[in-house]
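> Provide a 3D model corresponding to the input given below.
(chains A and B)
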Amino acid sequence: MEKSKAGNIRDTVIKIIQAVLCTAYVMFMSVQVIGIYSSGSAAQADDPKAQIYTQDIAADAVIKGLPLLILSAAVTITAAVLGVRNRNKPFNDPVIKRDIVTSGIKTPTAEMLAERSKQKRLHTAGRICFAAAMVPIILYMTNASHFDRSDTQGLESVIGDMVMFILPWTIIGVGELAVSYTLIDKSVKKEIELAADCERNAGTSKTEVKRPKAVIIVRCAALAVSALLIISGISNGGANAVLSKAITICTECIGLG
Amino acid sequence: MKNKETLKTMRPSKRRLIQVYAAVLYNAHIRGFIEGRIYTGKAKIACVPGLNCYSCPGAVGSCPLGALQNALAYSGKTAPFYVFGILILYGIILGRTICGFFCPLGLIQELLHKIPTPKIPKNRITRALSYLKYIILAVFVCGITLWYGLAHDTAVPGFCKYICPAGTSEGAAALLANPANAEDFGMLGILFTRKFIIMLLTALFCIFCYRAFCRFICPLGAIYSLFGKFSIIGVKVDKNRCSGCGACVRNCGMDVRKVGDRECINCGKCMEVCAQKAISIKAGSFTLKAPEGGCADDIPGAEKKRKLFEKVTWCIAFASLAFALVWFNFLDPSLQRNEEQSVQQAQTAESAEIPTGYEVGSKLSDFETELFDGSTFSISASKGKPVFINLWATYCGPCVRELPLFEELYREHKDDITMVAVHNSELDDDPEAFAKKKGLDLPFAVDTEDKTVWNAVGGTESMPQTIVLDRNGIVIYNKRGSVKKELLELLYQEASAH
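Alright, predicted model coming up:
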């Protein structure tokens, strides 16, 4: 059943209020922990035995954030009662539209074929550019001098430097992919326009698709390899190593310190 | 009528029930949440398929990603065959069906996304961002771990330590929330602050963007995505029925280009929007789920067979869950061991005339342990000198990194200090050879099978732990977590002043 315009406005308002509340809560709690850390570490600089976090300080921060959390929960319940639903907007991928439009075409025009090959070139170029952006990351990761400090403070600076180096290249790589997708979609839209005037077939015949033998072979091989690896792992002590780590708490792994 | 319809739409789907089931099964050690202790039984030898932190008090299995990082860190000593085998096995049987059905973090993300807010729909940028998880896998899971494991002999599980929100929420938060672990707050510092903020931001992002962590960050999803085309269980499209309308891809929340590709988590939501009823979930050629009147009904008797299979599977699943809950909370031998340990610790604290125990202000009960050089360390023999006891393990990164600080202190005050670094009884490596390789010259010992030292000093599953006694044998410091040089020096001064 379609909602009235007033209903839609109400839903949008509730969603915006909720978005603001959620963001405010996250920001508030982030500021709280940063505040606790900065005052705690200043105190620790004077007295090395002083604790940065204590149960009371943490509880206090949680309690301070509670009104926002309760308000957010109340809005969620109200939204559920009022029947506010999250409607996922369908993603209108032009490639799908193109496949539908061009599926029944007898002979594609030269322009259409040119657009199609342009899309392929763009697709390849996007991948190559992404791979090229990964090269500096690979070079950085394979250089031993970047990972020569293993003491606690040294490790922090190693990771910090690594993230600062990797981040821009990752943004460039992902950005290049996004640009290539945008250009491909542009070309695809053009191809759809060109396809509108083409002569079409009456229908397409479909044949039964059999599962390729290669897939079955890969599956069997992977199962055999995994069984072999597990047996070798149990005999070389790998399984016991997993157990010994799992039954002790790695404090730094879970962020305790 | 309207209420009935609303209720019907609010009823959890079978997939949701399976997700909840998996989350409960992975965390069947319910008493861990009450006691604030993790499960230490043999079942943890097996990895669960989904991302579930093994430091969660409820966890009864190992996290495959945590296990992989540790295995890579020690690949110089033991080839990581076991974890590789497990990952290939899960990947080839289930693939990313694990993400859609058997991952507790996936469930949390979906529930967060249910909070009504404006949503970020999938687009070209999210599709490009889906490659980010492969970079994280290469850099944080493999790169850092391998470098520090092979070149520095220390475990630095990069993803767990710097990113994983499951560790912060299921592990740290669940442990800290228990009053029994109030002392653990002493460990918290920059690492916790950073990871807590990362966890909050991830949760916020998941509210606005469908399965944001799963799509852009999760390295486990990246590993399973490599098996997308080959996994035995997964969503399959009947090409003869498919009209190519693309409704499946258009309505999917993930960044899929076609059903069953590397981004597809086989959740089966596309079955609801396929007008041709061409999509089904299959295990090989056997149909596990298909729409009514859909492709599976082309085979006579298939529907009946499927329903019977479903009933039997649910029965087995519930029986397994009931067994797991009883076993992991009441019958497992490790629970008895823990209880005995607690009783022993309590008795140590109560039996003597002068209050003895491991808390600050009490007198540490006497124990003896054999050092690597053949001599014996005992509390009674150390009287008159400040005593430093460090609990460590070769596979504990922070423990290994702080040992040189103890070494420095020991060298500085060698004539007026007694020190012992006691390795956990769980041996994964030869601690003696390890210490030699690192050039450490401290008095080292390994705890006995019945955890004599651990019981005496109140050791837990968390490491490192430092215990300091003054000249009279009174505990002046007993905390878990890494220590700094300044703190050690201060503790020495305090201990030697009394």
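> any idea how far residue A:123 lies from residue A:116?
11 Å (CB to CB, to the nearest Å). For every residue, glycine as well, the C-beta is placed using N, CA and C.
> Break down the stretch 151-300 of chain B into its helices, ranges please.
Here the stretch 151-300 of chain B has its helices, by DSSP state H, counting those that start in this stretch, at B:158-162, B:165-166, B:174-176, B:190-208, B:212, B:219-225, B:247-250, B:270-273.
> To residue A:196, which of the ones you listed lies closest?
Shortest distance between residue A:196 and the helices of the stretch 151-300 of chain B, using CB to CB, is found for helix B:247-250: 20.6 Å.
> can you give me how far that closest one is from the chain middle?
Taking CA atoms, centre = their mean, to the nearest Å, one finds helix B:247-250 lying 35 Å from the centre of the chain it belongs to.
> Would you mark the buried spots in that helix?
B:247-250 (16 or more other CB atoms under 10 Å in any protein chain shown).
> which stretch of helix or strand covers residue B:389?
strand B:387-392 (DSSP states H and E).
> list the helices and strands the helix or strand just after that strand packs on?
Going down the chain from strand B:387-392, the next helix or strand is helix B:397-412, by DSSP H and E. Secondary-structure packing of helix B:397-412 (3 or more CB pairs under 8 Å, 6 or more residues apart in numbering or on different chains; DSSP states H and E): helix A:152-195, strand B:387-392, strand B:418-423, helix B:485-497.
> leaving aside the residues next to it on the chain, what's closest to residue 159?
Picked chain A for this. What sits nearest to residue A:159 in space, not counting adjacent residues and going by CB to CB, 6 or more residues apart in numbering or on different chains, is residue B:162, at 6.4 Å.
> right idea, wrong chain: chain B
residue B:140 (4.3 Å).
> rewinding a little: turn the helices and strands packed on helix B:397-412 into JSON lines, columns for mean pLDDT.
As requested, those are exported to JSON lines (pLDDT from 0 to 100):
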{"stretch": "helix A:152-195", "mean pLDDT": "89"}
{"stretch": "strand B:387-392", "mean pLDDT": "92"}
{"stretch": "strand B:418-423", "mean pLDDT": "92"}
{"stretch": "helix B:485-497", "mean pLDDT": "88"}
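> would you turn the ones you listed into TSV with mean neighbour count?
Below are the helices and strands packed on helix B:397-412 laid out as TSV (neighbours: other CB atoms under 10 Å in any protein chain shown):
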stretch	mean neighbour count
helix A:152-195	17
strand B:387-392	25
strand B:418-423	24
helix B:485-497	16
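> Mind putting the ones you listed into a markdown table with distance to residue B:108?
Rendered in a markdown table, the data for these read as follows (distance: least, CB to CB, whole Å):
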| stretch | distance to residue B:108 |
| --- | --- |
| helix A:152-195 | 25 |
| strand B:387-392 | 33 |
| strand B:418-423 | 36 |
| helix B:485-497 | 37 |
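> wait, which of the ones you listed is closest to residue B:166?
helix A:152-195 (19.5 Å).
> Check which helices and strands the closest one sits against.
With contacts defined as 3+ CB pairs under 8 Å, 6+ apart, helix A:152-195 has these neighbours: helix A:94-102, helix A:110-141, helix B:124-129, helix B:132-136, helix B:144-152, helix B:397-412.
> got those helices as JSON lines, with mean neighbour count and distance to residue B:475 columns?
Formatted as JSON lines, the helices and strands packed on helix A:152-195 follow (neighbours: other CB atoms under 10 Å in any protein chain shown; distance: least, CB to CB, whole Å):
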{"stretch": "helix A:94-102", "mean neighbour count": "18", "distance to residue B:475": "68"}
{"stretch": "helix A:110-141", "mean neighbour count": "16", "distance to residue B:475": "45"}
{"stretch": "helix B:124-129", "mean neighbour count": "20", "distance to residue B:475": "52"}
{"stretch": "helix B:132-136", "mean neighbour count": "20", "distance to residue B:475": "43"}
{"stretch": "helix B:144-152", "mean neighbour count": "21", "distance to residue B:475": "33"}
{"stretch": "helix B:397-412", "mean neighbour count": "20", "distance to residue B:475": "17"}
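> Please work out which residues outside stretch A:146-159 touch it.
For stretch A:146-159, the external contacting residues (CB atoms under 8 Å, 6 or more residues apart in numbering or on different chains) are A:140, A:161-162, B:144, B:147-148, B:151-152, B:154, B:156, B:158, B:162, B:190, B:398, B:401-402, B:404, B:482.
> Would you mind measuring the gap between the ends of that stretch?
Terminal residues of stretch A:146-159 lie 9 Å apart, using CA to CA, to the nearest Å.
> try stretch A:232-249
Start-to-end, stretch A:232-249 (CA to CA) is 26 Å.
> cool, stretch B:225-239 as well?
Stretch B:225-239: ends 22 Å apart by CA to CA.
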